[in-house]
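*Asks:* The following comprises the amino acid sequence and a computationally predicted model.
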Amino acid sequence: MPTIKRFEEIEAWQTARDLTKTIYAVTEQGKFARDFGLRDQIRRASVSVMSNIAEGFESQTQQQFIRYLSIAKASAGEVRSQLYVSRDLNYLTEEQFTGLFQMAEKASRQIANFISYLESHPQSRTVREDFTEYEA
């Protein structure tokens, strides 16, 4: 696996970003837009996936990174659960539900695979930058 220098390079983060953009788009429409509780909760959960990947990547140790990835994976599960509620209430078409569900599942699988990789390659991760000089 090539060295990842920025969290934006992580495929799971990219998938989570696409998921979040799509969640925001569908929750701006129709009945979904008026159900503030569910709308806000599914948005927060999708943002949590990408945010925890980023936060974990910026953390000091590989152990912390894995913990944040686990939280991101749990948030992907939360999104999937809320998608069922959204479909049951007819806020989403079957096509929208399927597409979003597949994206959330993909992110979850990518995160799980990344966790497995990191656990099988233990090493200290204390410095990320190629340089240590900072401008004020």
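*Replies:* Thanks, I have the structure now. Numbering: from 1, shown residues only.
*Asks:* Spell out which helix or strand contains Arg39, please.
*Replies:* Per DSSP states H and E, Arg39 falls inside helix 36-57.
*Asks:* make that Gln14, sorry
*Replies:* helix 11-26.
*Asks:* Show me where this structure dips below the pLDDT cut-off.
*Replies:* Regions of the chain meeting the criterion pLDDT under 70 cover residues 1-2, 124-136.
*Asks:* Let's check: the centremost residue of it is which one?
*Replies:* By C-alpha atoms, centre = their mean, the chain has its centre lying nearest to Val49, at 2.4 Å.
*Asks:* show me what contacts the closest residue to that one other than its chain neighbours?
*Replies:* Nearest residue to Val49 in three dimensions, chain neighbours excluded: Ala16, at 4.1 Å (C-beta to C-beta, 6 or more residues apart in numbering). (Glycine included, C-beta is placed from N, CA and C.) Neighbouring residues of Ala16 by C-beta atoms under 8 Å, 6 or more residues apart in numbering: Ser46, Val49, Met50, Ile53, Ala72, Ala76, Ala107.
*Asks:* Let me know the angle separating the helix holding Arg39 from helix 11-26.
*Replies:* Here the directions of helix 36-57 and helix 11-26 differ by 160 degrees (axes from the mean of the first three to the mean of the last three C-alpha atoms, to 10 degrees).
*Asks:* Relative to Leu89, which of the contacts of Ala16 is nearest.
*Replies:* Nearest to Leu89 among those: Ser46, at 17.7 Å, using C-beta to C-beta.
*Asks:* That closest one contacts Ala25, doesn't it?
*Replies:* No. Using C-beta atoms under 8 Å, Ser46 is not in contact with Ala25; the gap is 11.3 Å.
*Asks:* of those two, who's got more company?
*Replies:* Between Ser46 and Ala25, Ser46 has the larger neighbour count (other C-beta atoms under 10 Å), namely 29 against 10.
*Asks:* what's the more buried one in contact with, if anything?
*Replies:* Going by C-beta under 8 Å, 6+ apart, Ser46 touches Ala16, Leu19, Thr20, Ile23, Tyr24, Ser75, Val79, Ala104.
*Asks:* what about Gln102, helix or strand, and which?
*Replies:* Going by DSSP H and E, Gln102 is in helix 94-120.
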